[in-house]
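Colleague: just to be clear, the model below is a prediction. Sequence and coordinates:
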Amino acid sequence: MEDELLKYLYDIREAASAILRFVRGKTFDEYEQDELLRSGVERKFEILGEALNRIRKDNPALLGKIREHRNIASFRNILVHGYDSIDHTIVWGIIEEDLGKLLEDVERLIEEEDRTGSGT
């Protein structure tokens with residue numbers, strides 16, 4: 001795997017892990033009322049989406065190994081361009097339903113790369 005693609009996977013892993021740390025032990029109501037928390041989560045989703053978009057440009061086949069990549073990349077566009085109409089229940093739902101799957105897939109890809117050590 002190219003070093004740049006591996007970097008994007010690390011960026012995704014870090015951003016997804018950060019989101020999960022940010023919301024650990026929080027309820028949706030706490031999330032909804034905490035502007036700073038929402039801002040941090042949204043920023044990390046922007047990073048996730050951008051890294052996925054860069055992978056798509058450099059190696060679209062790799063995305064086939066990452067579940068929910070379309071949803072999260074599309075969500076990034078909503079956050080960036082539709083910042084004034086973000087539905088916090090959708091953000092929370094993505095955290096609960098999709099983020100873990102994405103993180104599992106990215107972790108698996110990084111582990112495979114670590115085992116094979118086939119970087120360029």
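Modeller: Noted; the coordinates are in hand. Residues are numbered from 1 along each chain as shown.

Colleague: who's in contact with the most centrally placed residue in the chain?
Modeller: Nearest to the mean C-alpha position of the chain, by Cα atoms, centre = their mean, lies residue 48 at 3.6 Å. By Cβ atoms under 8 Å, 6 or more residues apart in numbering, the contact set of residue 48 is 11-12, 15-16, 72, 76, 102. For every residue, glycine as well, the C-beta is placed using N, CA and C.

Colleague: what do you get for residue 79?
Modeller: 42, 45-46, 49, 86 are the contacts of residue 79 under Cβ under 8 Å, 6+ apart.

Colleague: nearest to residue 53, of the contacts of residue 48?
Modeller: residue 76 (7.3 Å; Cβ to Cβ).

Colleague: which of the contacts of residue 79 lies closest to residue 115?
Modeller: Checking the contacts of residue 79 against residue 115 with Cβ to Cβ, the nearest one is residue 49 at 27.7 Å.

Colleague: any idea how many residues pack against the closest one?
Modeller: 23 (other Cβ atoms under 10 Å).

Colleague: what pLDDT, on average, does the helix or strand where residue 47 lies get?
Modeller: Using DSSP states H and E, residue 47 falls within helix 35-58. Averaged across helix 35-58, pLDDT comes to 94.

Colleague: do stretch 5-23 as well
Modeller: 97.

Colleague: list the buried ones in it?
Modeller: By neighbour count with 16 or more other Cβ atoms under 10 Å, stretch 5-23 contains the buried residues 5-6, 8-9, 11-13, 15-16, 18-19, 22-23.
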